[in-house]
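> just to be clear, the model below is a prediction. Sequence and coordinates:
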Amino acid sequence: MNAYRSFWRRYFDFKGHSTRKEYWVPTLVNIVIMAILLVLIYASSSSKLVWLVNTLSGIVLIFVIAMIIPQIAVQVRRLHDINRKGFLVYLNLVLVLVESFPREGSVLATIINFIGLIIGIWLFVYMCLGTREHVEKENRLWI
């Protein structure tokens, strides 16, 4: 649980390094928390407990918003740990934001989705790599 506490303590820390454990423990814990909340919302939606669905939906929204910055930060630190720059994380974030705009049937949307998929797979592989010997120069934030 130290890795999960570290995830929240290093909220705005985009410098330095994070091990695989420091990345995967909070990522998996957050996935489990979200899954539990979404199951509760789904189970409550079939009953007449509208107030519970609204409350749980609000909790999910707050949790997701609170989680965005530290998740990006830990991804950037994880890339630094394998001697890569954080640029891919930011590019992936931009693609996710662009993908959220509706453009049904657009060739451009298909291309953006494909590029996002490739970058997502690339990031997943990077997050699974072991720690590399760190170079002496400081990793820059954007490149």
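Happy to help now that I have it. Numbering: from 1, shown residues only.

> going by C-alpha atoms from here, please, whenever you check contacts or count neighbours.
Will do.

> so which bits of the helix or strand of the chain with the lowest mean pLDDT are buried?
Here the helix or strand of the chain ranked lowest by mean pLDDT, DSSP states H and E is helix 87-99, holding a mean of 87. For helix 87-99, a neighbour-count test (16 or more other CA atoms under 10 Å) marks Leu88, Val89, Tyr90, Asn92, Leu95 as buried.

> export those to CSV and tack on distance to Met67?
Listed next are these as CSV, based on distance: CA to CA, whole Å:
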residue, distance to Met67
Leu88, 19
Val89, 15
Tyr90, 16
Asn92, 16
Leu95, 18
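
> state the mean pLDDT of the helix or strand encompassing Ser6.
Element membership for Ser6, per DSSP states H and E: helix 2-9. For helix 2-9, the mean per-residue pLDDT is 95.

> I'd like the next helix or strand past it.
Beyond helix 2-9 in the direction of the C-terminus, DSSP H and E gives the next helix or strand as helix 20-45.

> Ile118: which of the buried residues of helix 87-99 is nearest?
Nearest to Ile118 among the buried residues of helix 87-99 is Asn92, at 9.7 Å by CA to CA.

> thank you kindly, that will do.
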